[in-house]
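K.L.:
Sequence plus the predicted model coming up.
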Amino acid sequence: MKLLKRVTATGNFIPYIDGLRFFAIMAVVLSHFMTYYEDRVTEIPNPIKPIVEFLFGSSFSGVMLFFGISGFILGLPFVKQYAYGGNKVKLKSYLFRRITRLEPPYIIVLTLLFILNILFADKGGFAELLPHYLASFFYLHNII
């Protein structure tokens, strides 16, 4: 089992959280698979679909569970500081770690989808998609 244990930056590991993450991810994956399968192949037999939905929930419940887990994990350092008198959270390094973990994959996927849309999708050319790309790059798309 030690081979399956995740390595975290702080060395802290809560196996129950990874178990909940499994259910959150499986809810989304299975929900998308069942929708794809029903749209392109055939209807899923009656006893299977209710069992899967009972065990894992819907993609909405999986996403909400994942957001709840993320909020819990992100709040732990502050709970340790204020409730248990732990080490003071260095906000600058805390935020820097969040940004360096989230921004690179976001920028890579955003750029990849931008290029793929230009090359393969019928969503307009470079000039039409560039403003959308830049607005999303700077998190201004909803405002604009």
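P.N.:
Received the coordinates, thanks.
K.L.:
where in the chain is pLDDT low?
P.N.:
Low-confidence segments of the chain, defined by pLDDT under 70: 1, 4, 10-11.
K.L.:
what's the distance between the longest helix anywhere in it and the middle of its chain?
P.N.:
For the chain, the longest helix by residue count, based on DSSP state H, is helix 91-119. For helix 91-119, the distance between its averaged C-alpha position and the chain's averaged C-alpha position is 12 Å (C-alpha atoms, centre = their mean, to the nearest Å).
K.L.:
Farthest from the middle of the chain: give me that residue.
P.N.:
Going by C-alpha atoms, centre = their mean, the residue of the chain most distant from its centre is residue 85, 31.1 Å out.
K.L.:
can you give me the helices for the chain?
P.N.:
Listed in chain order (using DSSP H), the helices of the chain are 15-40, 48-56, 59-84, 91-119, 126-137.
K.L.:
Using the record's assignment, carve this structure into domains.
P.N.:
1-88, 90-144 (automatic domain parsing).
K.L.:
one step back: kindly provide the distance from the residue farthest from the centre of the chain to residue 79.
P.N.:
Here the criterion is C-beta to C-beta, to the nearest Å. By it, residue 85 lies 11 Å from residue 79. Where you see a C-beta, it was placed from the backbone N, CA and C, and this is true even at glycine.
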